[in-house]
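**Student:** Got a sequence here, can you model it:
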Amino acid sequence: MIAVVRQGRFWAMPLWRKEAACCAEAMLTVLNVSDAECELLLCDDKAISVLNQRHLGLPGPTNVLSFPAEQGQGLGVIALSMEAVQREAMLYGQYPLEHFCRLLAHGLLHLLGFDHGPDMDGATEAMIEAGMANLASEA
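**Tutor:** Just a heads-up that it's a prediction; the model follows:
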């Protein structure tokens, strides 16, 4: 089960919380991960800045952070800045929904133990495709 929590003040989201959870579940299915428990924290730049400073010692906002759970307690927590989604989508010339899916896939892969590199890149693209297809079928 994917629990989606909203924290902070932001006005734009490319999808509803229920859709975000369904998107994440479709992405995990691509990697044969089922019945995974994960919390998706949708937040603003201020909230993610606090997490970034507290856990990584880095100042300022970032786009996504992953916090793996202890053994046997689900996958963990992904914090995703919705303000960064909007800002970066414009910067990279992507639709906000597509960029949201990209960051969500990235966060999920880190929870599953992936490091940056070709394996993560390939899995990210497959997960984005699955997430977007799931959202299209829900519409």
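**Student:** so what's the spatially most central residue of the chain up against?
**Tutor:** Compute the mean C-alpha point of the chain, and by C-alpha atoms, centre = their mean the closest residue is Leu104, 2.2 Å away. By C-beta atoms under 8 Å, 6 or more residues apart in numbering, the contact set of Leu104 is 20, 23-24, 27, 40, 64, 78, 80, 131. (Each C-beta comes from the backbone N, C-alpha and C, glycine too.)
**Student:** what would those residues look like in CSV with secondary structure, distance to Leu108 and neighbour count?
**Tutor:** Output for the contacts of Leu104, formatted as CSV (DSSP: H, G, I helix; E, B strand; the rest coil; distance: C-beta to C-beta, whole Å; neighbours: other C-beta atoms under 10 Å):
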residue, secondary structure, distance to Leu108, neighbour count
Ala20, helix, 12, 23
Cys23, helix, 10, 28
Ala24, helix, 6, 26
Met27, helix, 6, 26
Leu40, strand, 9, 21
Val64, strand, 10, 20
Ile78, strand, 7, 24
Leu80, strand, 11, 23
Gly131, helix, 10, 30
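**Student:** next one: phi and psi at Val85?
**Tutor:** phi -60, psi -50 (degrees, to the nearest 10).
**Student:** and what of Gly113?
**Tutor:** Per-residue torsions, Gly113: phi 100, psi 10 (degrees, to the nearest 10).
**Student:** what separates it from Pro59, distance-wise?
**Tutor:** Per C-beta to C-beta, to the nearest Å, Gly113 is found 27 Å from Pro59.
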